[in-house]
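Chemist: need a structure here:
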Amino acid sequence: MLALTLLDGSKLSLLMTCQRCGLVSTTIFGLLLLLLLYPLGTSLLRKIVWLEIGLLIGLAWSCLRLSITVLVSYYFGAGALAVADFLTGPLTDIFWAVAIWSLALSTMVPKVRGD
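Modeler: Predicted coordinates for the structure are as follows:
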């Protein structure tokens, strides 16, 4: 639980849930990467590197999302917490997950030459 004193002097308690800390999104990303990219014929080291890159970016995005939520609620009050949670919520996790997954897929699929 994160306790904040807002600019107006009120207290706000922010409960760290699985969605808010990024556990759900990084777990889904890791499972999808393992299940969908494992059968591809590339080295295991490349697959592990892309898995780690994805998990680190997911962790960084979760920290950034939590920081944005805390800053918005600090400056605009407790009512803005719900808006910040909605706008930076799990739906925006799709952006980083799809981007990293597509980059990983593009480096693991062999190039086909159309001679």
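Chemist: so where's the longest helix in this structure?
Modeler: helix 44-76 (DSSP state H).
Chemist: Which other helices and strands does that helix contact?
Modeler: Other helices and strands packing on helix 44-76, by 3 or more Cβ pairs under 8 Å, 6 or more residues apart in numbering; DSSP states H and E, are strand 2-5, strand 11-14, helix 23-37, helix 79-87, helix 93-108. Glycine gets a C-beta too; all of them are placed from N, C-alpha and C.
Chemist: List the buried residues of that helix.
Modeler: Buried positions in helix 44-76, judged by neighbour count with 16 or more other Cβ atoms under 10 Å: 47, 50-51, 54-55, 57-58, 61-62, 65-66, 69-70, 72-74.
Chemist: returning to what we had before: out of the helices and strands packed on helix 44-76, which gets nearest to residue 43?
Modeler: Checking the helices and strands packed on helix 44-76 against residue 43 by Cβ to Cβ gives helix 93-108 as the closest, at 9.1 Å.
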